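Novice: just to be clear, the model below is a prediction. Sequence and coordinates:
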Amino acid sequence: MASRKFVIDTSLFVNPYAREKFGKDPSSAIRGCVKALEGLDVDVFIPPSIFNELKNFADAKAMEELELVVKKRAPNTYGIYLPAAVLYDFIEDVRLRINKGLRLAEDFAKDNHPDNDEKLRKLRDKYRDAMRTGIIDSKEDFELVLLAKELEATLVSSDEGAMKFANQIGCEHLSADKFHPLLKKLKGK
């Protein structure tokens, strides 16, 4: 068994700030990460849903290289215990976000100025920010955190919602932009 375990997120390769030390685009960042993992005593996991999501951003060759060094594994969603308090907080957060989104829509409806295309774009941006920033907003992100929790692994992500949820359930996490320096440090040991 490896000395360290990591569960990696798509954001490690698609977020420009997170990937910059690995490569300039998702495919080169994957290749850079594969190279950085060479010779290290670590296990790197990725949920199949995240692996499939990453296929939308990287070329097939890079994905083949990644598949040789990461372990694809789905979390045991029927066997993982989550405290009720976490669900309670999540429901309250969603309720507050829905109300905030409703207020944004009401403000849009009240504004009778022309230039609807520009107003719609602003509404879309504000609504997306109100509803999705800082919250688990996809089953892929949920699987990511559950897998890290199940394996007692470090979650590597730049997704604010995934990191917040990982923190709530007592899961170790690392900002994706810190993964490259950590791998360099592990190579120095």
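Specialist: Sure, I can see it. In this text, all values refer to a predicted model and were calculated from it rather than measured experimentally. Numbering: from 1, shown residues only.
Novice: other SSEs contacting the helix or strand harbouring Gly101?
Specialist: The secondary structure element spanning Gly101 is helix 84-110 (assigned by DSSP states H and E). Helices and strands touching helix 84-110, by 3 or more Cβ pairs under 8 Å, 6 or more residues apart in numbering; DSSP states H and E, are helix 116-132, helix 160-168. C-beta coordinates here come from the backbone N, C-alpha and C atoms, glycine included.
Novice: pull out the buried residues from the last one.
Specialist: Of the residues in helix 160-168, those buried by neighbour count under the rule 16 or more other Cβ atoms under 10 Å are Gly161, Ala162, Met163, Lys164, Phe165, Ala166, Gln168.
Novice: over to stretch 92-106?
Specialist: Arg97, Gly101, Leu104.
Novice: next one: stretch 69-76
Specialist: Quick answer for stretch 69-76 (16+ other Cβ under 10 Å): Val69, Val70, Arg73, Pro75.
Novice: who's in contact with it?
Specialist: Contact partners of stretch 69-76, identified using Cβ atoms under 8 Å, 6 or more residues apart in numbering, comprise 8, 34, 37, 43-49, 51, 143, 146-147, 149-151.
Novice: tell me the mean pLDDT over that stretch?
Specialist: The average pLDDT for stretch 69-76 rounds to 95.
Novice: please apply the same query to stretch 44-58.
Specialist: With pLDDT averaged residue by residue, stretch 44-58 scores 95.
Novice: which residues are contacting that stretch?
Specialist: Outside stretch 44-58, the residues within contact range by Cβ under 8 Å, 6+ apart are 5-10, 13-14, 26-27, 30, 37, 63, 66-67, 69-75, 139-140, 143-144, 147, 151, 153.
Novice: rerun that using 6 Å as the cut-off
Specialist: The set of residues that contact stretch 44-58 without belonging to it, under Cβ atoms under 6 Å, 6 or more residues apart in numbering, is 6-8, 10, 14, 26-27, 30, 63, 70-74, 140, 143-144, 147.
Novice: filter these down to the ones in helices?
Specialist: Among those, the members falling in helices (DSSP state H) are Val14, Pro26, Ser27, Ile30, Met63, Glu140, Glu143, Leu144, Leu147.
Novice: how about these in CSV, adding pLDDT, neighbour count and distance to Lys187?
Specialist: Shown next, in CSV, are these (pLDDT from 0 to 100; neighbours: other Cβ atoms under 10 Å; distance: Cβ to Cβ, whole Å):
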residue, pLDDT, neighbour count, distance to Lys187
Val14, 95, 19, 24
Pro26, 96, 23, 23
Ser27, 97, 19, 23
Ile30, 97, 27, 18
Met63, 97, 17, 24
Glu140, 87, 19, 30
Glu143, 91, 20, 29
Leu144, 93, 32, 25
Leu147, 95, 24, 25
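Novice: which members of the contacts of stretch 69-76 occur in helices, if any?
Specialist: Assignment to helices by DSSP H places the following of the contacts of stretch 69-76 there: Val34, Leu37, Pro48, Ser49, Phe51, Glu143, Leu146, Leu147, Lys149, Glu150, Leu151.
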